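[1] Give me a 3D structure for the following:
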Amino acid sequence: MRKKTMLIHGGIEGDESTGAVNVPIYQVSTYKQEAVGKHKGYEYSRTGNPTRHALEELIKDLEGGVRGFAFGSGMAAITSVFMLFSANDHVIMTDDVYGGSYRLVSKVLNRFNIETTFVDTSSIDEIKKAIQPNTKAIYVETPTNPLLKVTDLEATSQFAKDNELLFIVDNTFSTPYWQNPMKHGADIVLHSATKYIGGHSDVVAGLVVVNSNELGEELHFIQNSVGGILGPQDSYLLIRGIKTLGVRMEEIEENSKKVIEFLQAHPLVQNIYYPGLTNHPGHDVHTKQATGFGGMLSFDVGSEAKAAQLLANVKYFTLAESLGAVESLISVPAKMTHASIPKERREELGITDGLIRISIGLEDAEDLIEDLAEALK
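    Numbers count the residues shown, from 1 in each chain. Next up, the predicted model:
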């Protein structure tokens, strides 16, 4: 089954009992049992819900895994994955990571003695130097947020396997339409499904896929114990969003190419970060492991003041947190998505106060270009 067909026909199709084309919203908390322990597969919706299950089966198929899980947010998904670890375990993590992920491991999980070392995972040598006797996993974003660094999945996976480490990949930016990390050796793939998978700025959710039944049992135990589940209404919205993921990602990428051509020619724009550019340090690696470059890009306008002027004068780009929607979004990572990272650390990474991150949407590309041109004046 090819990718666009799988987006529509993967997982569980419709409802056999009624013939409904779409999986219904099972807005229910509990289920009738014929006798104690004798039921039709569901007993309590924290443990399992038919609508959520359909979504979990769909994302499992799309990522080529063994079992899928849906959570109430991307951060709930990441937190649940980290609950696979114990006190005194160590995780190697991408340095240019989403601010919420940084906050989780540096301000919350550290209280439970789960240790994290941040390294530039685009360098396999940096990963190798960070390993410790208590290292249990390597966690990467690729491409990263917001500098679009690229990690070599196969090289990192091989190193993880050689050292009996879990390899975890945040695939939010590329989506399962453009990139499937499990084909390159990832053990766990996760998404902030709030972004491209939902695609319409109307749902907050997280998804996880694992590559073994053993990991599936462990993560289901955590999901059921902690209870950070996704509700049936939001599960339905994600299933609906996934059906158009392919056509959205293709159109978004075409728009991105046109916007980047404009930015490359503009004298006020510095340091464009986008893996589709041939001069991007991770271009060749990304081309090897993904089939598209997506709609996320960042560029520097030189100062906080210029960034503020730009934001104040756009009209089609919406100043907002998040990304991956049908509408184009714009933000300053240093002041918004990555504000939880200390300033000195941001500067080390290259997340300057003049760095602009844009998420290209489905508007007419010429309107987006004219909007940026006017704002850059």
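[2] and residue 200, how far is that from residue 279?
    Distance of residue 200 to residue 279, computed by Cβ to Cβ, to the nearest Å: 34 Å. Where you see a C-beta, it was placed from the backbone N, CA and C, and this is true even at glycine.
[3] Equivalent analysis for residue 245, please.
    For residue 245, the distance to residue 279 (Cβ to Cβ) stands at 29 Å.
[4] quick one, which of the two is more surrounded?
    Neighbours per residue (other Cβ atoms under 10 Å) separate residue 245 from residue 279, with residue 245 holding more: 23 against 7.
[5] mind checking pLDDT for the more buried one?
    pLDDT, residue 245: 98.
[6] Surely it touches residue 10?
    No - counting by Cβ atoms under 8 Å, residue 245 does not reach residue 10; the two are 11.0 Å apart.
[7] How far away from the center of its chain is stretch 46-58?
    Here stretch 46-58 shows a centroid-to-chain-centroid distance of 20 Å under the convention Cα atoms, centre = their mean, to the nearest Å.
[8] Pull out the buried residues from that stretch.
    By 16 or more other Cβ atoms under 10 Å, the buried positions in stretch 46-58 come out as 48-58.
[9] pLDDT (mean, whole number) over that stretch?
    On average, the pLDDT along stretch 46-58 is 98.
[10] Name the residues that touch it?
    For stretch 46-58, contacts defined as Cβ atoms under 8 Å, 6 or more residues apart in numbering pick out 10-12, 23-26, 28, 41-42, 45, 67-70, 207, 224, 227, 229-232, 235-236, 238-239, 242.
[11] Stretch 73-83 too?
    Residues outside stretch 73-83 that contact it (Cβ under 8 Å, 6+ apart): 69, 71, 91, 100-101, 104-105, 108-109, 114, 168, 170, 172, 188, 190-195, 204-208, 219, 222-223, 226, 228.
[12] show me the biggest helix of this structure in terms of residues.
    If you go by DSSP state H, the chain has its longest helix at helix 245-265.
[13] By residue count, what's the longest strand in this structure?
    strand 135-141 (DSSP state E).
[14] what's around the nearest residue to residue 292 once chain neighbours are set aside, how many residues?
    Distances taken as Cβ to Cβ, 6 or more residues apart in numbering put residue 178 closest to residue 292, at 3.8 Å, once the chain neighbours are dropped. By the measure other Cβ under 10 Å, the count of residues near residue 178 is 22.
[15] hmm, back to that, helices and strands around the longest helix of the chain, which ones?
    Contact here means 3 or more Cβ pairs under 8 Å, 6 or more residues apart in numbering; DSSP states H and E; on that basis helix 245-265 packs against helix 3-9, helix 175-178, strand 270-273, strand 296-300, helix 365-376.
[16] Just name the most buried of the ones you listed.
    Neighbour counts (mean count of other Cβ atoms under 10 Å) averaged over each of the helices and strands packed on helix 245-265 peak at helix 175-178, with a mean of 26.
[17] for that helix, packing partners?
    Going by 3+ Cβ pairs under 8 Å, 6+ apart, helix 175-178 lies up against helix 50-63, strand 188-192, helix 245-265.
[18] any chance of these in a markdown table, with distance to residue 294 too?
    Output for these, formatted as a markdown table (distance: least, Cβ to Cβ, whole Å):
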| stretch | distance to residue 294 |
| --- | --- |
| helix 50-63 | 16 |
| strand 188-192 | 13 |
| helix 245-265 | 6 |
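[19] which one of these has the most crowded surroundings?
    Stretch with highest mean neighbour count among these: strand 188-192 (a mean of 28; mean count of other Cβ under 10 Å).
[20] In this structure residue 144 contacts residue 94, no?
    Yes - Residue 144 lies in contact with residue 94 (Cβ under 8 Å); the separation is 5.8 Å.
[21] any idea which of the buried residues of stretch 46-58 is closest to residue 163?
    Comparing the buried residues of stretch 46-58 against residue 163 with Cβ to Cβ picks out residue 56 as the nearest, at 29.9 Å.
[22] ok, back up a step: quick one: closest of the helices and strands packed on helix 245-265 to residue 289.
    Set against residue 289 and scored by Cβ to Cβ, those come closest in helix 175-178, at 9.9 Å.
[23] Using the record's assignment, carve this protein into domains.
    For the chain, automatic domain parsing gives the domain ranges 3-243, 246-376.
[24] start to end distance for the last one?
    One end of domain 246-376 sits 32 Å from the other (Cα to Cα, to the nearest Å).
[25] and it, how far from the chain's centre?
    Centroid separation for domain 246-376 versus its chain: 16 Å, with Cα atoms, centre = their mean.
[26] Residue 262: what's it in contact with?
    Listed by Cβ under 8 Å, 6+ apart, the contact partners of residue 262 are 369, 372-373.
[27] got the phi/psi numbers for residue 158?
    For residue 158, the backbone dihedrals (degrees, to the nearest 10) come out as phi -60, psi -40.
[28] and it, how many neighbours?
    When counting by other Cβ under 10 Å, one arrives at 15 neighbours for residue 158.
[29] any idea how far stretch 210-222 is from the chain center?
    Mean-position distance between stretch 210-222 and its chain equals 20 Å (Cα atoms, centre = their mean).
[30] CA atoms of it as PDB?
    Output in PDB follows, covering the C-alpha atoms of stretch 210-222 (Å, rounded to 0.1, in the frame of the first residue of the first chain):
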ATOM      1  CA  VAL A 210       7.300   1.300  19.200                       C
ATOM      2  CA  ASN A 211       9.100  -1.400  17.300                       C
ATOM      3  CA  SER A 212       8.500  -4.400  19.600                       C
ATOM      4  CA  ASN A 213       5.800  -6.100  21.600                       C
ATOM      5  CA  GLU A 214       7.900  -5.800  24.700                       C
ATOM      6  CA  LEU A 215       8.200  -2.000  24.500                       C
ATOM      7  CA  GLY A 216       4.500  -2.000  23.600                       C
ATOM      8  CA  GLU A 217       3.500  -3.700  26.800                       C
ATOM      9  CA  GLU A 218       5.800  -1.500  28.900                       C
ATOM     10  CA  LEU A 219       4.400   1.700  27.400                       C
ATOM     11  CA  HIS A 220       0.800   0.600  27.600                       C
ATOM     12  CA  PHE A 221       1.300  -0.100  31.300                       C
ATOM     13  CA  ILE A 222       2.700   3.400  31.700                       C
END
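[31] All good on my end, thank you.
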